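Visitor: Attaching a predicted model along with its sequence, questions to come.
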Amino acid sequence: TRILLTGGSGFIAAHVLDILLQHGHSVVTTVRSQEKADKIRSAHSKFGKDKLDFSIVEDIAQPGAFDKAVVSDPPFEAVIHTASPFHFNVTDVQKDLLDPAIIGTTGVLKSIKKSAPSVKRVVITSSFASIVDGNKGSWPEHTYTEADWNPITEKEAIENAANGYRASKTFAEKAAWDFVETEKPSFSLATMCPPLVLGPIVHYLNSLDALNTSNQRIRDTIQGKQKDEYPAGAPYLFVDVRDLAELHVKAAEVEGAANERFFVLAGEGLPKEEGEGGGFPEGGVYKFDNGKSVKVLGAKYRTLEESVVDTVKSLKAVGA
Ligand code: NDP
């Protein structure tokens, strides 16, 4: 199958690319520059242009950014859209987070509808950020599932970067489902909602300072920045990037994933209740249900230990 993968230079997308190639698909991936394309090409030199090719999309927030990228010979049958900003280093939440997330998502869907009628499935990397209700905190009596939507408002979205990121994922995913409902395109949609994603780095990194956001806590821990106590912050769930990538590809391949939302996670990455620091909430924390991903996509999840060990090994290889 010929598949378009957006944001090929990213942490998660690099694993998705590996699995697409392993499954024998023919892939075109979008990157922001020729230099990034060259780096990915050299890491996959055994694949010819017919199996791996590139399309430059400098800024997904520009209208029509994907018009050219969605056109291919042979034509695409599926699109996996991962590109979206995930960092908190922002000066303008609207321009730096919301616009690329939302316009990037609606933009790729519009371009597909207009110019790539052969596409049957679109998979979008959404997030647990579009499920979790930040105002409910630890909410021990609740079990999060695909039925939950983050109720964050436009006003809250621009209050700070953390809200901005969560809102960017929520509004972008909502916009995608609205698009499918109102535009009735010939493709079906599947959205993937992972919490914190950990795991080995396989994409090109200039330096450890350029490490993707979700692995930074592990980098900081092994560099001794969290020696004295657990860092404070919300309890978090996790998933290994290799499992998540496999599930993106399954969601592109499997009939049963059509128009489904998937909460994809392995489990908790919490310190023990009796541990020092970390602010373990009294009464416990929310529960989760990943059963749909297991049933429909055949998900198998790596343990926290395996994920962390392999992340640390890969960070050491990049110089941590
Ligand atoms: P990365 O930062 O490694 O990847 C983000 C990708 O998006 C990069 O390829 C980046 O390109 C691209 N991108 C961002 N903004 C633009 C833009 N304006 N124009 C073109 N390309 C852009 O992070 P992840 O791999 O972690 O994130 C991938 C996806 O997964 C995102 O949608 C993110 O929201 C989602 N996600 C991640 C989680 C995690 O814990 N890692 C958890 C839940 C969801 P470049 O590198 O060139 O800037």
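Guide: In hand now; what should we look at?

Visitor: In the stretch 201-320 of the chain, what residue lies closest to the ligand?
Guide: Scanning the stretch 201-320 of the chain for the residue nearest the ligand gives Ser214, at 3.1 Å (criterion: C-beta to the nearest ligand atom). Using the backbone N, CA and C atoms, a C-beta is placed for each residue, glycine as well.

Visitor: my bad, should have said the stretch 1-150 of the chain
Guide: Gly10 (2.6 Å).

Visitor: Is it correct that that residue is in contact with Ile80?
Guide: No - Gly10 is not in contact with Ile80 according to C-beta atoms under 8 Å; the separation is 11.4 Å.

Visitor: okay, those two: which has more neighbours?
Guide: Ile80 (29 against 21; other C-beta atoms under 10 Å).

Visitor: Around the ligand, which positions in the stretch 151-300 of the chain sit nearby?
Guide: Lys169, Pro194, Leu196, Val197, Asn212, Ser214 (C-beta under 6 Å from any ligand atom).

Visitor: give me that answer again for 8 Å
Guide: 165, 168-169, 192-198, 203, 212-215, 241 (C-beta under 8 Å from any ligand atom).

Visitor: Closest one of the residues you listed to Asp59?
Guide: Ser168 (15.0 Å; C-beta to C-beta).

Visitor: Can you name the residues that contact the residue nearest the centre of the chain?
Guide: Computing the C-alpha centroid of the chain and ranking residues by C-alpha atoms, centre = their mean puts Thr125 first, at 4.3 Å. Counting by C-beta atoms under 8 Å, 6 or more residues apart in numbering, Thr125 touches Ile12, Ile80, His81, Thr82, Ser84, Thr191, Met192, Pro194, His248.

Visitor: Confirm that the last one lies within a helix, as I assumed.
Guide: Meaning His248. Yes - checked against DSSP: H, G, I helix; E, B strand; the rest coil, His248 lies within a helix.

Visitor: residues touching Glu173, list them.
Guide: Thr105, Ile124, Ser126, Ser127, Ser130, Thr191, Cys193, Arg261 are the contacts of Glu173 under C-beta under 8 Å, 6+ apart.

Visitor: Which parts of this protein are helices?
Guide: Secondary structure of the chain, counting by DSSP state H: helices at 11-22, 34-43, 93, 99-115, 154-157, 161-183, 216-222, 241-253, 291-297, 304-317.

Visitor: for these, which one ends up most surrounded?
Guide: Greatest average neighbour count among these goes to helix 241-253 (a mean of 24), per mean count of other C-beta atoms under 10 Å.

Visitor: got the residues of the stretch 1-150 of the chain near the ligand?
Guide: Checking the stretch 1-150 of the chain against the ligand by C-beta under 8 Å from any ligand atom, the hits are 6-14, 30-33, 36, 57-61, 65, 81-87, 100-101, 104, 125-129.

Visitor: taking those one by one, which sit in strands?
Guide: Thr6, Thr30, Val31, His81, Thr125 (DSSP state E).

Visitor: one step back: could you tell me the least trusted of the helices of the chain?
Guide: Averaged per stretch, pLDDT over the helices of the chain is lowest on helix 216-222, reaching a mean of 87.

Visitor: which residues sit against that helix?
Guide: Leu198, Leu208, Leu211, Gln226, Pro231, Val308, Thr311, Val312, Leu315, Lys316, Ala320.

Visitor: Kindly indicate which of these lies nearest Ile152.
Guide: Distances from Ile152 to the contacts of helix 216-222, taken by C-beta to C-beta, are shortest for Pro231, at 23.4 Å.

Visitor: check contacts around Ala116.
Guide: Val70, Val71, Ser72, Pro75, Phe76, Val79.

Visitor: Just give the number of residues close to Met283.
Guide: If you look again at residue 283, you'll see it is Gly, not Met. 9.

Visitor: If you drop the residues flanking it in sequence, what lies closest to it?
Guide: Ranked by C-beta to C-beta, 6 or more residues apart in numbering and with sequence neighbours excluded, the top spatial neighbour of Gly283 is Pro140, at 4.6 Å.

Visitor: roughly how far apart are the one you found and Tyr286?
Guide: Distance, Pro140 to Tyr286, by C-beta to C-beta, to the nearest Å: 6 Å.

Visitor: which of these two has more neighbours?
Guide: For Pro140 versus Tyr286, neighbours defined as other C-beta under 10 Å are more numerous around Tyr286 (19 against 12).

Visitor: wait, doesn't that one sit right on Tyr144?
Guide: Yes - in this structure Tyr286 lies within contact range of Tyr144 using C-beta under 8 Å: 5.7 Å.

Visitor: hang on, the earlier thing: next, count neighbours for the residue of the stretch 201-320 of the chain closest to the ligand.
Guide: Around Ser214 there are 21 residues (other C-beta under 10 Å).

Visitor: how about it, what does it touch?
Guide: For Ser214, the contact set (C-beta under 8 Å, 6+ apart) comprises Phe11, Phe86, Leu196, Val197, Leu198.

Visitor: and what of Leu244?
Guide: Neighbours of Leu244 in contact, by C-beta under 8 Å, 6+ apart: Ile12, His15, Met192, Pro194, Val197, Val264.

Visitor: Thank you, goodbye.
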